[in-house]
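>>> A predicted structure for the sequence below; I have some questions about it.
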Amino acid sequence: MSDTGIGASVRRKEDQRFITGAGRYVDDISVRGQTYAVFVRSPHAHATIKSIDTKKAKSAPGVVAVLTGDDVAADKIGGMPVGWGITQPDGTPMVEPAWPILAQGRVRYMGDMVACVIADSLAAARDAAEQVTIDYAPLPAVIAAGDAVKSNAPQIWEQAKSNTCFHWQIGDKAATDAAFKGAAHVTKLEIVNQRLIPNAMEPRAALANFDRSTGELTLHCTAQAPHAVRLLIGAFVLQQPEHKFRVISPDVGGGFGSKIYPYAEYAVLCWAARKLGIAIKWTAERSESFVSDAHGRDHVTTAELALDANGKFLGFRSNTIANLGAYLSAFAPLIPTYLYACLFAGQYTTPAIFAHVQAVFTNTTPVDAYRGAGRPEATYLLERIIEKAAKEMKIDPAELRRRNFIKPDAFPYQTPVALLYDSGNYGATLDKALKLVDYANFAKRRADSEKRGKKRGIGFSLPIEATGAAPSAIAGQLGARAGLYESAEIRFNPTGSVTVFSGSHSHGQGHATTFAQVVSDILGVPIENIDIVEGDTARTQFGMGTYGSRSLSVGGSAIVKAADKIIAKGKKIAAHLLEASEADIEFDHGTFKVAGTDRNVNIAQVAFAAYVPHNYPLETLEPGLNEQAFFDPTNFNFPNGAHIAEVEVDPETGVVEVVDFVAVDDVGTIINPMIVDGQIHGGVAQGIGQALYEHGVYDASGQLVAGSFMDYTMPRADNLPNIRTDKTVTPCPMNPLGVKGCGEIGTIGSPPAVINAVIDALSAYGVTDMDMPATPQRVWQAINKARPAAGAR
Ligand code: MCN
């Protein structure tokens, strides 16, 4: 292994820019004469718009335009598109209500956009926005998923009876019901997976610029998938031809899923810029982000696990109501369905599984992918119910899981819920985690905590996820309305340096470093001579972007394919230069050599010959050294892990401290161990945030009361333990690098580990259940409902 190749902890190339303030984010970009947009948003969760008076605002100083839903309708601008369709069990399609880019006649959540004010300064736009007078007739609102399906619930969409967007199910119901009949023990669980608000450090922003001379529209925006934004907004909303529409996503300060999909603000800016022939900029305020970035999670579920007398899982069944918010966001239908219930086998051999999901509209911000997207909800449900079963059956929780593992020789393993797992060694991963956390001495640590007046608990979670969002063919059968491959181009420059263009996009994951490591390792080019270009539809081939921890396994594999093509062409050039037969040319780390001799040329010389073809086989070969590739795998890949949390609870205050967290993960072959650890640390921090602190709370009328950092608690450094990591490596057979995704496993694994640990700590008080976030108030209330008998541990 070279010190910059695959497997090396190379320092992140991009960090010099970021930590010296040289990062270039959307808000850093300005064009001459640009104007500024401010959106007027609904203060009501649900209301009819009786009238909008824009007269005063239009005549305010500096105002260029004030646009409303009427203007959108007059210009025949389309609604926001949905990228995934669901077919219901009865064969009918899901309900897909129109989502106009500015509200028309009715608002359906607090923050719904009613008007856009454009002015020559931000201050003027803000002042004028206050002068838009909207007469609302408030309507009753429904907020909680469980309430949306009640017979007296306010109806949000005429066509969605009982506020239901779709019913969906997977698995064999009859076989699962039969499995329950033969069970020695059944564990039941009712859980809520609370609403989360993503809160990327950089708020969403956009700058739309229409060039009247070329008819080209350029949109700078904070996007994880710029080509998808161009396709969906260009083709479905604006009818702006793709060759006249450039989307650039420069540096992005975190996205966590919330910047995947196109947003209506971007569509409004593009439409207005084109209509008025100007440039318009918008940057979200933090309070605006709280109400307008898509939210995550928000499920209520009842589930049952059937076991035999030895703790073998016989069957699992569940019923979930998933909150979609007021409108159908681009990938919302996918999250509580295929990305969720298809993971219900976990790491186990459960033979019969049946899941039903009812997805409902409510008067809340639309819900879509948030780090893990469906998979944290699945793991939370499964790993909570397994831990509960272990406690009820008095079987050690690690042992119960071990009895049910899919064994290493069983791969590829077909689960009863559609997925075909690629590889894994779950027992080895658990063993490493148990050793790392020193499980054998937990009782001693618990006794030490007790002496300090603290209750200590340990909790397990063994996550598995499907990453590498791709196989286009499978995704298409399941409802995807776009391809899910990735693309790459490797362009040698004449003097041997390399520019790599990827259809993916980094927003903190370190692609500039890890992708360069892959290229350097394969082609033998020094890492400092390799640049990675992403995020610009005019520079890169059509690509699908970053989500579902796919960039390395799908995008990195496209890079490998392009590199293979470079080597193949390089061999032909080298054969000519070395006057040898192509079949005799070997390539090794940057050197083409005639087998069995010391005659060789390096890849930089080959590149030079390709661009200065004075001595070149022009009759059979084109000049240049520049190759493109697309990669579409045949399956997902399946990272998995064993996460163990230890917590201490102060029974006087209810405060929970995570005192230890161990994450052993199998993410296949590792390109950069330091970056993978960073991804897992960040993911675990986010999961601890969900377990203990974060909650997107609405009041009954639909006001987002957790709408600022004063009310929505993000985890801080002093809330986190020193997260300890280790790895098991079972290379993925589905891609040439053998890699699995690592960007989400921490977020998926950690919430159940922490909550299981909290419940374990409180077991002395008879506590068997705890909702997230386990706030001091919730914990204190749980303790004080059932004070332990004197003398109890
Ligand atoms: N990697 C590696 N070896 C592996 C797997 C990955 O070295 N076996 C490296 C990759 O080359 C890449 C990084 O680890 O540099 C993450 O790779 P991957 O798992 O392929 O995930 P993506 O790059 O596609 O990132 C997406 C993923 C998701 S879905 C969310 S959400 C998320 C996340 O990554 N959002 C993030 N991590 C984030 N990190 C930051 N800083 N900010 C976000 O918004």
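Structure's in. What do you need? Predicted, not measured: the structure shown is a model, and the values here were computed from it.

>>> can I assume Gly641 is in contact with Val662?
No: shown here, Gly641 and Val662 do not form a contact pair, counting by C-beta atoms under 8 Å, at 9.9 Å. Every C-beta, even on glycine, is put in place using the N, C-alpha and C of the backbone.

>>> so for those two, which sits in the more crowded spot?
Gly641 (35 against 25; other C-beta atoms under 10 Å).

>>> what sits against that one?
By C-beta atoms under 8 Å, 6 or more residues apart in numbering, the residues touching Gly641 are Thr429, Ala433, Leu462, Pro463, Ile464, Ala663, Val664, Asp665, Asp666, Ile745, Gly749.

>>> what's the closest of those residues to the ligand?
Nearest to the ligand out of these is Ile745 (C-beta to the nearest ligand atom; 8.4 Å).

>>> and the helix or strand hosting Lys572, what's buried?
Remark: Lys572 resides in helix 557-577, with elements defined by DSSP states H and E. Residues 557-563, 566-567, 569-577 are the ones in helix 557-577 that count as buried (16 or more other C-beta atoms under 10 Å).

>>> could you point out which element follows that helix?
Using DSSP H and E, the helix or strand that directly follows helix 557-577 along the chain is strand 585-588.

>>> returning to that earlier point: mean confidence score for the helix holding Lys572?
Helix 557-577 shows a mean pLDDT of 98.

>>> quick revisit: anything in contact with each of Gly641 and Val662?
Joint contacts of Gly641 and Val662 (C-beta under 8 Å, 6+ apart) are Ala433.

>>> which members of the contacts of Gly641 occur in strands, if any?
Judged by DSSP state E, those include Ala663, Val664, Asp665, Asp666 as members of strands.

>>> please name the bridge partners of the second one.
With DSSP bridges as the criterion, Val664 is bridged to Ala642, Asp726.

>>> show me the contacts for it.
Listed by C-beta under 8 Å, 6+ apart, the contact set of Val664 reads Thr429, Leu430, Lys432, Ala433, Leu436, Gly641, Ala642, His643, Thr725, Asp726, Lys727, Thr728.

>>> closest residue of the stretch 401-550 of the chain to the ligand?
For the stretch 401-550 of the chain, C-beta to the nearest ligand atom, closest residue to the ligand: Gly508, 2.3 Å.

>>> my guess is that residue contacts Lys259, does it?
No: applying C-beta under 8 Å, one finds Gly508 not in contact with Lys259, separated by 10.9 Å.

>>> the more surrounded of the two?
Set Gly508 next to Lys259 and count neighbours by other C-beta under 10 Å: Lys259 wins out with 29 against 22.

>>> just checking, what packs against the host helix or strand of Ile490?
In the assignment (DSSP H and E), Ile490 maps to strand 486-492. Where contact means 3 or more C-beta pairs under 8 Å, 6 or more residues apart in numbering; DSSP states H and E, strand 486-492 is packed against strand 498-502, helix 557-577, helix 603-611, strand 626-631.

>>> roughly how far apart are Ala604 and Lys150?
Separation of Ala604 from Lys150 (C-beta to C-beta, to the nearest Å): 70 Å.

>>> cool, Asn363 as well?
For Asn363 relative to Lys150 (C-beta to C-beta), the value is 14 Å.

>>> and the strand holding Ile490, C-alpha only, in CSV?
This file holds the C-alpha atoms of strand 486-492, laid out as CSV (Å, rounded to 0.1, in the frame of the first residue of the first chain):
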residue,chain,number,x,y,z
GLU,A,486,-23.2,7.0,-11.8
SER,A,487,-20.8,8.4,-14.3
ALA,A,488,-17.1,9.4,-14.5
GLU,A,489,-14.6,10.8,-16.8
ILE,A,490,-10.8,10.7,-16.5
ARG,A,491,-9.1,13.3,-18.5
PHE,A,492,-5.3,13.2,-18.8
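
>>> and it with strand 498-502, angle?
On the basis of axes from the mean of the first three to the mean of the last three C-alpha atoms, to 10 degrees, strand 486-492 is oriented at 170 degrees to strand 498-502.

>>> could you measure from the closest residue in space to Gln414 that isn't next to it in sequence over to Gly545?
With sequence-adjacent residues excluded and distances taken as C-beta to C-beta, 6 or more residues apart in numbering, Gln414 is closest to Leu420, at 5.3 Å. Distance from Leu420 to Gly545, counting by C-beta to C-beta: 25 Å.

>>> ok, now Val149?
For Val149, the distance to Gly545 - C-beta to C-beta - is 34 Å.

>>> equivalent analysis for Asn441, please.
Using C-beta to C-beta, Asn441 is found at 46 Å from Gly545.

>>> quick one, which of the two is more surrounded?
Applying other C-beta under 10 Å to Asn441 and Gly545 shows that Gly545 carries more neighbours, namely 28 against 10.

>>> in a strand, the more buried one, correct?
No: under DSSP: H, G, I helix; E, B strand; the rest coil, Gly545 falls outside any strand and is assigned coil.

>>> let the chain start at 758 from now.
From this message on, residue numbering opens at 758, which makes the last subject Gly1302.

>>> excluding chain neighbours, what is closest to it?
Excluding its sequence neighbours, the residue lying closest to Gly1302 (C-beta to C-beta, 6+ apart) is Ala982, at 2.5 Å.

>>> so who does the one you found touch?
Ile1017, Tyr1018, His1262, Met1301, Gly1302, Thr1303, Tyr1304.

>>> now it. Its backbone dihedrals?
Dihedral pair for Ala982: phi -140, psi 80, per degrees, to the nearest 10.

>>> now do the helices in the stretch 858-1007 of the chain.
Per DSSP state H, counting those that start in this stretch, the stretch 858-1007 of the chain carries helices over the ranges 879-886, 902-905, 930-938, 983-988.

>>> what is the second one packed up against?
With contacts taken as 3+ C-beta pairs under 8 Å, 6+ apart, helix 902-905 sits against strand 1053-1064, strand 1070-1082, strand 1109-1118.

>>> the same query, at a cut-off of 10 Å, please.
Where contact means 3 or more C-beta pairs under 10 Å, 6 or more residues apart in numbering; DSSP states H and E, helix 902-905 is packed against strand 942-953, strand 1053-1064, strand 1070-1082, strand 1109-1118.

>>> which of those sits closest to Asp877?
For Asp877, the closest of the helices and strands packed on helix 902-905 is strand 1070-1082, at 34.3 Å, according to C-beta to C-beta.

>>> surely Glu1405 and Leu1519 touch.
No: under the criterion of C-beta atoms under 10 Å, Glu1405 is not in contact with Leu1519, lying 11.6 Å apart.
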